[in-house]
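Q: got a predicted structure plus its sequence, pasted below:
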Amino acid sequence: NLEIKTLFCAGFDVSVCLLCTIIDAWELNYEIILLRDAVRAIEIPEDIEIGYSFTNRMVKWIEAMLGRSITTQHFIELMKQIQSASE
């Protein structure tokens, strides 16, 4: 009823809690935009040892399957543009 169409997502844990929120939003047909530098997953020790990041893999999976991502700096710039346009 608020005509919201886009969900900007940030938080912890991108592989469990936040992921479930994103999947629910996707199923409700929201546009998903992940703030990729404002999320974190619980890292898998074996991945760290070989130089992988579970957080980065989750971001790539979400980009491939559920939505797109931007940086927090890009988000701030977008919000400034919206604010300027509304003044």
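A: Yes, it's here.
Q: residues near residue 37, how many?
A: 16 (other Cβ atoms under 10 Å). For the C-beta atoms, the positions are set from N, CA and C on the backbone; glycine is no exception.
Q: list the buried residues of whichever strand or helix holds it.
A: Per DSSP states H and E: residue 37 is located in strand 31-40. For strand 31-40, the neighbour count (16 or more other Cβ atoms under 10 Å) marks 32, 33, 34, 35, 36, 37, 38, 39, 40 as buried.
Q: from what I see, the second one and residue 68 are in contact.
A: Yes: under the criterion of Cβ atoms under 8 Å, residue 33 is in contact with residue 68, at a separation of 6.0 Å.
Q: contacts for the worst-scoring helix or strand of the chain on mean pLDDT?
A: Lowest on mean pLDDT, DSSP states H and E among the helices and strands of the chain sits helix 45-49, with a mean of 85. By Cβ atoms under 8 Å, 6 or more residues apart in numbering, the list of residues contacting helix 45-49 from outside reads 53, 54.
Q: how about it as CSV, C-alpha atoms only?
A: Taking Å, rounded to 0.1, in the frame of the first residue of the first chain, the C-alpha atoms of helix 45-49 are listed here in CSV:
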residue,chain,number,x,y,z
PRO,A,45,37.9,-20.9,8.2
GLU,A,46,39.0,-23.2,5.4
ASP,A,47,38.1,-20.5,2.8
ILE,A,48,40.2,-17.9,4.6
GLU,A,49,43.2,-20.3,4.6
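Q: between the helix or strand that it is followed by and strand 31-40, how many degrees?
A: As assigned by DSSP H and E, the chain's next helix or strand after helix 45-49 is helix 54-65. Relative orientation of helix 54-65 versus strand 31-40 (axes from the mean of the first three to the mean of the last three Cα atoms, to 10 degrees): 170 degrees.
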